[in-house]
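Undergrad: Starting from these lines, generate the structure:
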Amino acid sequence: MKFLAINGSPHKDGNTAILMEKVLQAAKDAGHDTEIFQLPFDSVRVCLGCRQCAKNKDEKCVIAKDYLNEMVQKLKNADAIVLGSPVYVADVSAQMKAFMDRAALVCRANGFLLKGKVGAAVVAARRGGMLPSVDTLNHFFAIQQMNIAGSTYWNFGLGNAPGEVKNDAEGMANMENLGENLLKLAAALAQ
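TA: Now for the predicted structure:
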């Protein structure tokens with residue numbers, strides 16, 4: 001199976017990435033293909049609302065000069081998808097939101113490309129805004145008709161400076177549990 005994580009943080013090796021690596025560890029240990037894709041912050045475009053993806057039905061966004069069309073194919077080929085973001089002004093990063101808006105429209109317009117797949121939200125925060133961010137990520141999964149994996153508590157870890165999230169023992173344990181649940185759910189649905 002393929003497990004794809006999308007990092008919506010500008011920090012490639014920051015707290016969000018650390019949490020996503022912890023989530024993917026169970027799948028990696030079981031011998032599955034795992035990838036963390038870093039959203040490119042220098043070329044993120046917002047959805048134009050043109051609905052050409054619905055007219056063309058070619059699994060593509062008409063904005064062709066950035067990463068999104070490649071990502072739609074990665075999403076389509078994944079069995080499980082982890083979306084991760086830091087908290088910015090009590091919600092996900094602008095880059096993650098732009099990605100979700102565009103990917104959601106393309107996937108829905110082409111027959112719900114992600115229907116039945118498994119999703120998990122991961123959020124890194126300094127102190128607040130975690131639950132609105134988790135909700136935003138889960139809304140992407142829900143509107144795609146995906147199955148959402150949960151854990152023992154809300155899917156976030158606390159930390160400010162890069163690497164500080166490792167000091168959040170409860171958050172790291174929650175990510176480990178989330179990874180195990182993600183793997184179990186993906187395996188059960190693959191049968």
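Undergrad: The residue most central in space within the chain is in what secondary structure piece?
TA: Nearest residue to the geometric centre of the chain (Cα atoms, centre = their mean): Leu83, 1.2 Å. Per DSSP states H and E: Leu83 is located in strand 80-86.
Undergrad: and what of Met175?
TA: Using DSSP H and E, the element containing Met175 is helix 169-190.
Undergrad: Show me what that helix is packed up against.
TA: strand 2-7, helix 15-29, strand 80-86, strand 118-125, strand 156-158 (3 or more Cβ pairs under 8 Å, 6 or more residues apart in numbering; DSSP states H and E). Just so you know, the C-beta spots here come from the backbone N, C-alpha and C atoms, and that holds for glycine as well.
Undergrad: residues in contact with that helix?
TA: By Cβ atoms under 8 Å, 6 or more residues apart in numbering, the surrounding residues in contact with helix 169-190 are 1, 3, 19, 22-27, 30, 32, 79-80, 82, 116-118, 120, 122, 147, 149-159, 165-166.
Undergrad: Whichever of those end up buried, select them in ChimeraX.
TA: Entered in ChimeraX, the line below selects the buried ones among these, by 16 or more other Cβ atoms under 10 Å:
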select :1,3,19,22,23,24,25,26,27,32,79,80,82,117,118,120,122,147,149,150,151,155,156,157,158,159,165
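Undergrad: one step back: quick check, pLDDT for the residue nearest to the centre of the chain.
TA: You'll see Leu83 listed with a pLDDT of 98.
Undergrad: how close does the most far-flung residue of the chain relative to its centre get to Leu105?
TA: Each residue of the chain has a distance to the centre, and by Cα atoms, centre = their mean the biggest one is for Lys55: 26.4 Å. Distance, Lys55 to Leu105, using Cβ to Cβ, to the nearest Å: 12 Å.
Undergrad: Then Gln145?
TA: Using Cβ to Cβ, we find Gln145 at a distance of 14 Å from Leu105.
Undergrad: higher neighbour count, those two?
TA: Leu105 (19 against 13; other Cβ atoms under 10 Å).
Undergrad: for the helix or strand harbouring that one, packing partners?
TA: In this assignment (DSSP H and E), Leu105 forms part of helix 94-109. Counting contacts by 3+ Cβ pairs under 8 Å, 6+ apart, helix 94-109 packs against helix 52-56, helix 68-77, strand 80-86, helix 130-143.
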